[in-house]
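Peer 1: Show me the folded form of this:
(one chain, ligands or ions: 2)
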Amino acid sequence: MDIDLVKNKNEDKKIIDLDEDIKIGGKEFTIISGPCSVENEEQIHTISKFLSEIGVKILRGGAFKPRTSPYTFQGLGFDGLKLLREAADENKLKVISEIMDPRDVEKAYDYVDIIQIGSRNMHNYSLLKEIGKVDKPILLKRGMTATVKEWLMAAEYIALEGNEDIILCERGIRTFENYTRNTLDLTVVPIIKSLSKLPIIIDPSHGTGRRTLVIPMTRAAVTVSADGVMFEIHPKPEEALSDGFQSLDFKQTKKLIKEIKEIKSCIDKL
Ligand code: PEP
Ligand code: MN
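Peer 2: Numbers count the residues shown, from 1 in each chain. Ligands and ions are numbered 1, 2, ... in the order given. Take a look at the predicted model:
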C-alpha cells in the first residue's frame, strides 16, 4: 500500500464531489437507493419519483446483472441504462450502475455518474485498470471472499491508473453461516477508516439477503460511522425480477430514512 489512498493523518480523508450538494465521505451520511434491476420504464420512473420526493439524491439500478444462475433475469443491458438515466434526469438524481465488461465502459460513460464494480468483479484486474482511466467515481464492492488487504489492493489497481475517486462498499462476506445470504462485516468500517482515506458505505441488502435485517443493519451502519448506505427498494418487492426478498417497499423506506436522520443527529452530538 504505497500510493495516495493510505491514510497518513487523522484529517486526511477523501471526499468524493458529485455535485455542489452531493458529496460522499464528508459530514453527511449518503443514502443510495433503487431497485436491484431496472425492469421497465414505469418501474424505474415510479422509484425515481419516490426517491426524489423523500430527498434521496442517488439512484441505483442494475442493467448488467451478475446473476448466480445464467437462467435468471440478466438485466436489460444498455436499454436499462438509458431508462435509468432518463428517470434520474427527470427527477434530478445521480446514477450509479454496475459495469461488468471492460468493453462496455466507454459506451456506458454518459449514462452513469458513479460506476459500480460488483463483488464478483473485485478481482477482475483488466476491468479495474480500465475504469481506473475514467474520470468518474467508482464504487468498489468488497469481493465476497476478499480480505481487507485484497480489497484495498483492488482499490490501488484503480488508483494507479489515475482515478482516486473510489468509494468502498461492504456487502457481506461468505462465512459458514447460511441463515443470512452473506455475513455483513461491520468491523471493516473502523478498520478501513484507520487504514485508508477512502469513504466506506454499507450495502445491507446483499449483506444480509433479508428485508427484515436491512433496517437494523442500516441503523448499525450509521452508528458505526459509515459514510453511507446503499439499499434495494421496489414498489412491489414480491413481484421484483431480482432480489425482491431483500428489497424494502416504499413505506419501509420512508420509515428507514426518518430513522437514519434521527440516529445521525444523535451520533453527531457525541
Ligand atoms: C448489486 O448491487 O446489484 C449486486 C449485484 O451486488 P453484489 O455485487 O454485492 O453482489
Ligand atoms: Mn441485488
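
Peer 1: Just give the number of residues close to the single nearest residue of the stretch 101-250 of the chain relative to ligand 1.
Peer 2: Closest to ligand 1 within the stretch 101-250 of the chain is residue 118: 3.0 Å, counting by C-beta to the nearest ligand atom. For every residue, glycine as well, the C-beta is placed using N, CA and C. By other C-beta atoms under 10 Å, the residues close to residue 118 number 23.

Peer 1: How about residue 94?
Peer 2: 18.

Peer 1: Residue 260 - that's part of a helix, no?
Peer 2: Yes: assessed with DSSP: H, G, I helix; E, B strand; the rest coil, residue 260 lies in a helix.

Peer 1: residues in contact with it?
Peer 2: Contacts for residue 260 were tallied using C-beta atoms under 8 Å, 6 or more residues apart in numbering; they are 29, 31, 218-219, 222, 229.

Peer 1: Could I get the pLDDT score of the residue of the stretch 1-150 of the chain found nearest ligand 2?
Peer 2: Residue nearest to ligand 2 within the stretch 1-150 of the chain: residue 36 (3.3 Å; C-beta to the ion). Predicted confidence (pLDDT) for residue 36: 98.

Peer 1: Roughly how far does it sit from residue 263?
Peer 2: 25 Å (C-beta to C-beta, to the nearest Å).

Peer 1: More neighbours: those two, which one.
Peer 2: Between residue 36 and residue 263, counted using other C-beta under 10 Å, the more crowded position is residue 36 (24 against 17).

Peer 1: hmm, back to that, please tell me I have it right and the residue of the stretch 101-250 of the chain closest to ligand 1 contacts residue 97.
Peer 2: No: using C-beta atoms under 8 Å, residue 118 is not in contact with residue 97, being 10.4 Å away.

Peer 1: Point out where the stretch 151-270 of the chain drops to low pLDDT.
Peer 2: Scanning the stretch 151-270 of the chain for pLDDT under 70 picks out no residues.

Peer 1: What parts of this protein come near ligand 2?
Peer 2: Contact residues, the chain versus ligand 2 (C-beta under 5 Å from the ion): 36, 243.

Peer 1: Tell me which stretches of the stretch 51-200 of the chain form helices.
Peer 2: 78-90, 105-108, 125-131, 148-160, 188-195 (DSSP state H, counting those that start in this stretch).
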